[in-house]
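> Sequence and predicted structure, then a few things I'm wondering about:
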Amino acid sequence: MILDVDGTLVDSNYHHAVAWARAFAQYDLTVPLWRIHRAIGMGGDKLVAHVAGDAAEQRLGEALRDQWTREFDRLIEEVRPFDGARTLLEEVKLRGHHLVLASSGQPQRVETFLRLFDGESLADAWTTADDADESKPAADLLEVALSRVGGSAGVMVGDATWDARAAQAAGMPSVGVLTGGFSEAELRDAGATEVFEGPAALAAALWAGLVERLSS
């Protein structure tokens, strides 16, 4: 089981969107929050061009990412885990699955989030932005996650269409949760086989044998 962290286990997507909006504003770029939100879940290396155009990326990409870092650091203490996040991890382990927390966040932020639900005590491995050459929706991060536990197959769980697309690129099934603000239809269109309201509902489905059904 490969679980995304931002927006899936912790309620951070809107903090990310606000931080990006403030970063763009610092450089006199007005990008609507709704457009930024639609891009949350893809890597920051791709987000600037996606929402503001290639010219903005070429001229200001690194500066915008640095400013986003400063803006998000002002908000990070407000991030909280979703109900059922810890229960979901416990259920994955109780079912006998390897558990990898697959984040493309910066290492210090990933560690901060894992502490919110004591993820380090349950996860067999986790990833950060340092572990993949190309961010989601590319498959790199998922392939690294599998390699960390010596796996040959997995199931991806994420809140964004970018997670489902990355899973498709990696040739694995994916499960969506609604906690990132993407609709069930959008997640299914992107490739998610099943969609649940959040971690607690997914934990109950794991108890009922969801992974076994997806893997059969």
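Cool, got the structure. Numbers count the residues shown, from 1 in each chain.

> from here on, contacts and neighbour counts on C-alpha atoms
Noted.

> In contact with Ala19, which residues?
68-69, 71-72, 75 (Cα atoms under 8 Å, 6 or more residues apart in numbering).

> So what's the gap between the helix or strand encompassing it and the chain middle?
Using DSSP states H and E, Ala19 sits within helix 13-26. Put simply, helix 13-26 sits 17 Å off its chain's centre (Cα atoms, centre = their mean, to the nearest Å).

> What's the mean pLDDT across that helix?
For helix 13-26, the mean pLDDT works out to 97.

> Please save the CA atoms from it in PDB.
The C-alpha atoms that make up helix 13-26 are tabulated as PDB, following Å, rounded to 0.1, in the frame of the first residue of the first chain:
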ATOM      1  CA  ASN A  13      -4.200  21.200   0.300                       C
ATOM      2  CA  TYR A  14      -5.800  24.500   0.900                       C
ATOM      3  CA  HIS A  15      -2.800  25.700   2.900                       C
ATOM      4  CA  HIS A  16      -0.700  24.800  -0.200                       C
ATOM      5  CA  ALA A  17      -3.000  26.700  -2.500                       C
ATOM      6  CA  VAL A  18      -3.000  29.900  -0.300                       C
ATOM      7  CA  ALA A  19       0.800  29.700   0.000                       C
ATOM      8  CA  TRP A  20       1.100  29.500  -3.800                       C
ATOM      9  CA  ALA A  21      -1.300  32.400  -4.300                       C
ATOM     10  CA  ARG A  22       0.700  34.500  -1.900                       C
ATOM     11  CA  ALA A  23       3.900  33.600  -3.700                       C
ATOM     12  CA  PHE A  24       2.500  34.500  -7.100                       C
ATOM     13  CA  ALA A  25       1.300  37.800  -5.600                       C
ATOM     14  CA  GLN A  26       4.800  38.700  -4.400                       C
END
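
> Let the chain start at 657 from now.
Okay, using 657 as the starting number, the last item reads as helix 669-682.

> Next, the buried residues of it.
By 16 or more other Cα atoms under 10 Å, the buried positions in helix 669-682 come out as 669-680.
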